[in-house]
Every structure is written in structure tokens, then in C-alpha cells.
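J.: Here's my sequence, what's the structure:
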Amino acid sequence: MGRGMGVSPVRPPAGRQGWGTGGTGDEAMKGSTVRLVAVVIGLGAIAGLAIWRFWPGPAEDANGDQRPGPSASRPSKKAAADLAAARKAQEDGLALYNAGEMIEARRKLSEAFFSGHLTHEQENKIIPVMTELADKTLLSGNFYSGDPYVFRQMIERGDTLSSLAKKWELRVPWRFLAKINNLDSTAVIREGASITMVQGPFHAIVRKSRFLMDVYLHREKMPKIFIKRFGVGIGNETSPTPNGLWEVTPGGKQEKTPWYPPGSGLIRRTKIQWGEPGYPLGKKGYWIPLTGRDPENRNIPGIGMHGTNDPTSVGKAVSLGCLRLLDEDMEWAFAMLYDKWSTVLVLP
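T.: Numbering: from 1, shown residues only. Got it, this is the predicted structure:
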């Protein structure tokens, strides 16, 4: 019995049978034990109530993406309701897809996917459908009535893709507009032509444990829309890809990017130019540098996204910290992700 529990540690005078002022020693000991148990139970109840009341839920990043939190595994009525809502959205989305309601099906399936309540098996069931919907409604130059992300624009004299993207604050690279409208990047747009405009920005979520990157479209006050899923290679055990929220470094995207092989100590090997033997960054040398937004990753240099000349490395932890994509996937990522506005959330 310790101090502070309301029981004296001093023994009674000789000749007294108990610790109290009456009764036997056994009775007094029983009473003390009961009081101690009651105090412990009371303190435990108070601590449990405090944990329940103040234990934080899952944190969210700037785009509303949930990060793992202590309460993620705590069962509750709300969790059950959220799970039921996610499955209902999945069922409704598939029914709308089968009915040819492309835009509403796209919204419902994305809602289910980004709820975070679907199993991997359920995700895999709707990934091909969502990819098809994104291809048809956002990546092929088509326009469907009622799409909040897409509009048609008549070309006037002097218009360029770059100037139009800036004028309408699309927050997507002009290369993306060229790609979805099947325009050559150097071609002059014919006056009077009508092209498809998509409002961004695009973002990405990387799940390192699954070697996956999901690209989605999200603008303020508008629903998240799943676009594509890519496989990725990540950092090895000694140079892991850092977790956290990142943004595309303003002015940093490059193509035909020179590569600087890692050196030993202060010794740095000569750079390898795009097209030279041993160049590892893929056919077009695309490079998307990333700047950390969190205190833990804000000052970590050299992290980015690039293609690779070794397709077998995608899906493995073999890089020096960067994210590796297959060349065709990197081409899409380069076209979609926009300086400063596009974010990449890297999860364990």
C-alpha cells in the first residue's frame, strides 16, 4: 500500500488486534483492500473516459486525404455507418455505369474509393471501371453534359494552350491540354476550333507498402475523381522514400534531364546526358522534383519522380529514394501534375 491512498503505513500499537479502531485485523485488511480496489477502478474509469474523449482521429492533409491515425482501428457506430455508405456508393456507381450515366457513375465510384473503407478486393473490382470512365470523360477530349470539370473553348486569334491554361486558371500543364486534344505541342491552333478544357489540379497518393500510386483530380468544393493507378518503385532500405505531403517544385519539371550518378564521399562521377549509354531515367528523361510540405520532409533534397530504363524495378524497393514509374505512366504523370498546385502524399 502506497502513500497518498488514504491508508497509513504505520503499524498499530502492541496489543491491538487490528489496523482500525474496532474489529479484527482480518476485517480491517478486507476493508482496506475494498477501498483500494474501488479507488483503482475509479481512476481507471476516469482515464478511459479521458482517452475516449481526447484521443485524436485520423489526420487529413491539405486535400482532405486521411492519413493513418490512432483512432483508425477503433470500432464505432460512425465507422460502421461510413462502411455501409462506402459500399452503397460502390453499388450505386456500378449501377449508374451499367445504365450509361457516366458522370454520376464516376462521382459515386470515386466517392466509394476515397472513403478509405473498401477492401483491396473491392478496390480492384472498381479500378478498371473508374479508369475507363476517366479515359472517356477526361482524357480523350470528349465533353459530357453536366461534367463540373470540363468545358469547351472556342479558339480565338492569338490563343495558345499556355495562354488559355493561364487565362482560365486551369492549374494543369498546357501539355495535358495538347495530349487530350490530340494536338502537336508545336502546332498552331486553328482559329475557330473548339477544344476540351479540364480544370485541375491533379494530385497523387503513393502507398509504399503496395507499390502503388493513384492519381486523382480535385478542385476546391468539387468531388475527388479517380484518374489512373500506376505501379511505382520506391527507395531501398538504406535510402527509403520519405513519407509525408509533397508538392511539385515550382519551375522544376524537366525532360531529357541529365543524371548525376551517386559518388563516394566528396567524389562525384561525371553526369550522364540523356541519350548516352547508361542513362537510367527512361526514354524521355522526364523528371518531377518534389518539395516537402511537412516539418519532417521540408528540408529533404533530391526527392522526385522519374521514368526508368529498368521496368523490372517498378514494384520494388531499389531506388535511392525517388519514385520510379514505367515510361508510359511517367508520360501521363508529367502531363498531369502541375507546379506548386499538385501534391503527392506518400504513405507507409
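J.: Ala335 in helix, strand or coil?
T.: Under DSSP: H, G, I helix; E, B strand; the rest coil, the three-state class of Ala335 is helix.
J.: Gln153 too?
T.: Here Gln153 is recorded as strand under three-state DSSP.
J.: tell me the contacts of it?
T.: By C-beta atoms under 8 Å, 6 or more residues apart in numbering, Gln153 lies in contact with Leu164, Trp168, Ser194, Ile195, Thr196, Met197. (Each C-beta comes from the backbone N, C-alpha and C, glycine too.)
J.: distance of it from Leu138?
T.: Noted for Gln153: a distance of 15 Å to Leu138, by C-beta to C-beta, to the nearest Å.
J.: Please identify the buried residues of stretch 101-117?
T.: The neighbour-count check on stretch 101-117 (16 or more other C-beta atoms under 10 Å) flags 101-103, 105-115, 117 as buried.
J.: typo on my end, stretch 247-261
T.: Glu247, Val248, Lys253, Gln254, Thr257, Trp259.
J.: Same check on stretch 174-182?
T.: By neighbour count with 16+ other C-beta under 10 Å, stretch 174-182 contains the buried residues Trp174, Arg175, Phe176, Leu177, Ala178, Lys179, Ile180, Asn181.
J.: JSON lines please, covering those residues and showing distance to Arg229 and secondary structure.
T.: Listed next are the buried residues of stretch 174-182 as JSON lines, based on distance: C-beta to C-beta, whole Å; DSSP: H, G, I helix; E, B strand; the rest coil:
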{"residue": "Trp174", "distance to Arg229": "25", "secondary structure": "helix"}
{"residue": "Arg175", "distance to Arg229": "21", "secondary structure": "helix"}
{"residue": "Phe176", "distance to Arg229": "18", "secondary structure": "helix"}
{"residue": "Leu177", "distance to Arg229": "23", "secondary structure": "helix"}
{"residue": "Ala178", "distance to Arg229": "23", "secondary structure": "helix"}
{"residue": "Lys179", "distance to Arg229": "18", "secondary structure": "helix"}
{"residue": "Ile180", "distance to Arg229": "19", "secondary structure": "helix"}
{"residue": "Asn181", "distance to Arg229": "24", "secondary structure": "coil"}
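J.: Quick check: what element follows the helix or strand of the chain with the lowest mean pLDDT along the chain?
T.: Using mean pLDDT, DSSP states H and E, helix 25-54 stands out as the lowest-scoring helix or strand of the chain, at a mean of 45. Using DSSP states H and E, the helix or strand that directly follows helix 25-54 along the chain is helix 77-98.
J.: moving C-terminal of that following helix, what's the next helix or strand?
T.: Sequence-wise, the next helix or strand downstream of helix 77-98 (DSSP H and E) is helix 102-114.
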